[in-house]
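**Student:** Pasting a predicted model and its sequence here:
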Amino acid sequence: MTILVTGGAGFIGSNFVLDWLAQSDEKVVNLDVLSYAGNLENLASLQGDARHVFVQGDICDRTLVDRLLAEHQPRALVHFAAESHVDRSISGPGAFMRTNIEGTYSLLEASRQYWSGLSDEAKAAFRFHHVSTDEVYGSLAPHDPAFAETKTYEPNSPYSASKAASDHLVRAWHHTYGLPVLTTNCSNNYGPYHFPEKLIPLMIVNALAGKPLPVYGDGQQIRDWLYVTDHASAIRAVLDGGRVGETYNIGGWNEMANIDIVKTVCALLDELRPDPAGPYSRLITYVKDRPGHDRRYAIDARKVERELGWRPAETFASGIRKTVQWYLDHPDWVARVQSGAYRDWVSQQYGA
Ligand code: NAD
Ligand code: TYD
């Protein structure tokens, strides 16, 4: 059997592919355009492994997607490919509309055509698994209950609006055409291979380079953090046992203010790689806030826990320690992703 994964060279996709092939011998066909965020180096340990077939290409390319489905006859498609960085969606929303909305539409139509030609048995077994975010639900006030699957959609950024649109398309393809879909809406992930434009890896690499640690606004915005392999295990659980047409919220019950995340990273670095110049927290610098910055996200994960028995394996303390250690152990990976286009983004976003 085979699964088709999109965006499997990105942060979560590559962790998912590595985790999948560590647990089973089921082949993975990995379709990824290798945007700035895609990195084949994440998958270097799979070189020469016949269970992994990498295809460089765009999810909007219907001819290519049709060909991959016909050739590999996957029993499931797990869709990670997206433009994923909120700040980039503010400075350039076009790519988000194209990949996140048109790309999902292209995959749904290709899947519908492929699925309708399958035998009754294969048709019943097929799954289109859409990987989405808690950001579609909007922003919570301090004492609001965490996001349940019934929460209204109130996306506030071009990124979250494009993901909300893709969620609606997935829902409609199930409701109208009967395509067997599953959607997971997960909270903020962290862990190895996280591109250092996002909060946690940016703080680690900047601290190690003695650069300022830019905290937006007052730093009191809250996110709900989940270690990336726990997201991978949740997707496997939903793919195996999730009810068709349902949405499952995935999170680790771990709400933290951004400033506390940054201080935790600094304290771990003080312990693991002390800087003779002084504690890393001296580098914390408050900068102008993100426009439309959502104040708080929190996931109510009771449905996936109750129905599928899923639980995260890592606590925040264990996951963040592993993450900081991974970046300390992989300076070459960091140096390579920081070359070229990365520098242009950093100077555009943070100035000199
Ligand atoms: P990422 O930006 O690290 O990776 C995205 C991958 O998609 C890259 O490998 C990129 O090359 C590929 N890609 C982009 N456009 C493509 C296209 N047109 N065709 C084919 N491939 C394309 O993103 P990530 O953080 O790994 O997120 C993966 C998915 O999980 C996204 O759908 C995102 O919305 C969702 N998600 C992310 C988080 C998070 O905290 N990072 C949380 C919840 C949900
Ligand atoms: P990010 O990692 O971009 O994820 P998201 O916006 O999808 O939640 O940001 C996490 C939080 O950290 C968010 O509230 C914005 C904040 N942040 C900073 O304070 N400074 C930074 O340089 C970055 C990239 C993010």
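**Tutor:** Done, it's in. The model shown is predicted, which means the values in this text are computed figures rather than measured ones. Ligands and ions are numbered 1, 2, ... in the order given.
**Student:** which stretches of this protein form helices?
**Tutor:** Along the chain, the segments classed as helices by DSSP state H run 11-23, 62-72, 86-91, 94-96, 103-116, 120-125, 158-177, 199-208, 228-241, 258-272, 302-308, 316-329, 331-337, 341-350.
**Student:** what residues does this structure put near ligand 1?
**Tutor:** Taking C-beta under 6 Å from any ligand atom as the criterion, the chain approaches ligand 1 at residues 6-7, 9-13, 32-35, 37-38, 58-60, 80-82, 84, 99, 103, 131-133, 163, 186, 188-189, 195. Every C-beta, even on glycine, is put in place using the N, C-alpha and C of the backbone.
**Student:** list the contacts for residue 291?
**Tutor:** Residues in contact with residue 291 (C-beta atoms under 8 Å, 6 or more residues apart in numbering) are residue 90.
**Student:** Report the contact partners of the residue of the chain found nearest ligand 1.
**Tutor:** The shortest separation between the chain and ligand 1 is 2.0 Å, found at residue 10 (distances taken as C-beta to the nearest ligand atom). If a contact means C-beta under 8 Å, 6+ apart, then residue 10 has 32, 37-39, 80-81, 84, 195 as its contacts.
**Student:** In CSV: those, plus pLDDT.
**Tutor:** As requested, these are exported to CSV (pLDDT from 0 to 100):
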residue, pLDDT
32, 98
37, 96
38, 96
39, 95
80, 99
81, 99
84, 98
195, 97
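**Student:** Kindly indicate which of those lies nearest ligand 2.
**Tutor:** If you rank the contacts of residue 10 by distance to ligand 2 using C-beta to the nearest ligand atom, residue 84 comes first, at 7.6 Å.
**Student:** So that closest one sits against residue 158, correct?
**Tutor:** No - the pair residue 84 / residue 158 is not scored as a contact, 11.9 Å apart, by C-beta atoms under 8 Å.
**Student:** before we move on, back to that, near ligand 2, which of the residues of the chain next to ligand 1 show up?
**Tutor:** Of the entries in the residues of the chain next to ligand 1, the ones placed beside ligand 2 under the rule of C-beta under 6 Å from any ligand atom are residue 188.
**Student:** which parts of the protein sit against ligand 2?
**Tutor:** Checking the chain against ligand 2 by C-beta under 6 Å from any ligand atom, the hits are 86, 188, 198-199, 202, 214-216, 221, 223, 258, 290.
**Student:** Give me the PyMOL select line for those, limited to the buried ones.
**Tutor:** Command for PyMOL, covering only those of the residues of the chain next to ligand 2 found buried under the criterion 16 or more other C-beta atoms under 10 Å:
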select buried, resi 86+188+198+199+202+214+215+221+223+258
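**Student:** among the residues of the chain next to ligand 2, which two are most distant?
**Tutor:** The distance between the two most remote of the residues of the chain next to ligand 2 (C-beta to C-beta) is 17.2 Å, for 188 and 214.
**Student:** For the lowest-mean-pLDDT helix or strand in the chain, give me every contacting residue.
**Tutor:** Counting by mean pLDDT, DSSP states H and E, the weakest-scoring helix or strand in the chain turns out to be helix 341-350, with a mean of 89. If you take C-beta under 8 Å, 6+ apart as the criterion, helix 341-350 is touched by 36, 87-88, 91, 196-197, 214, 287.
**Student:** Could you identify the buried members of those?
**Tutor:** Buried residues within the contacts of helix 341-350, counting neighbours by 16+ other C-beta under 10 Å: 36, 87-88, 196-197, 214.
**Student:** Let me know the closest of those residues to ligand 2.
**Tutor:** Comparing those against ligand 2 with C-beta to the nearest ligand atom picks out residue 214 as the nearest, at 4.3 Å.
**Student:** The closest one: what's it in contact with?
**Tutor:** By C-beta under 8 Å, 6+ apart, the residues touching residue 214 are 202, 206, 285, 287, 350.
**Student:** Return the distance of the residue lying closest to the first one once chain neighbours are set aside relative to residue 190.
**Tutor:** Closest residue to residue 202 apart from its sequence neighbours, by C-beta to C-beta, 6 or more residues apart in numbering: residue 196 at 5.0 Å. Computed with C-beta to C-beta, to the nearest Å, the distance linking residue 196 and residue 190 is 12 Å.
**Student:** Need the per-residue pLDDT for the residue nearest in space to the middle of the chain.
**Tutor:** In the chain, the C-alpha nearest the mean C-alpha coordinate belongs to residue 12, at 4.7 Å (C-alpha atoms, centre = their mean). Listed pLDDT for residue 12 reads 98.
**Student:** Isn't it up against residue 231?
**Tutor:** Yes - in this structure, residue 12 sits in contact with residue 231. The criterion is C-beta under 8 Å, and the distance is 6.1 Å.
**Student:** Next, show the common contact partners of those two.
**Tutor:** Common neighbours of residue 12 and residue 231 (C-beta under 8 Å, 6+ apart) are residue 189.
**Student:** May I have the beta-bridge partners of the closest residue to residue 46 other than its chain neighbours?
**Tutor:** In space, not counting the residues next to it along the chain, residue 46 is nearest to residue 52; the distance is 4.3 Å by C-beta to C-beta, 6+ apart. Taking DSSP bridges as the rule, residue 52 bridges to residue 28.
**Student:** So how do I select the buried members of the residues of the chain next to ligand 1 in ChimeraX?
**Tutor:** Command for ChimeraX, covering only those of those found buried under the criterion 16+ other C-beta under 10 Å:
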select :6,7,9,10,11,12,13,32,33,35,37,38,58,59,60,80,81,82,84,99,103,131,132,133,163,186,188,189,195
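**Student:** Okay then, goodbye and thanks.
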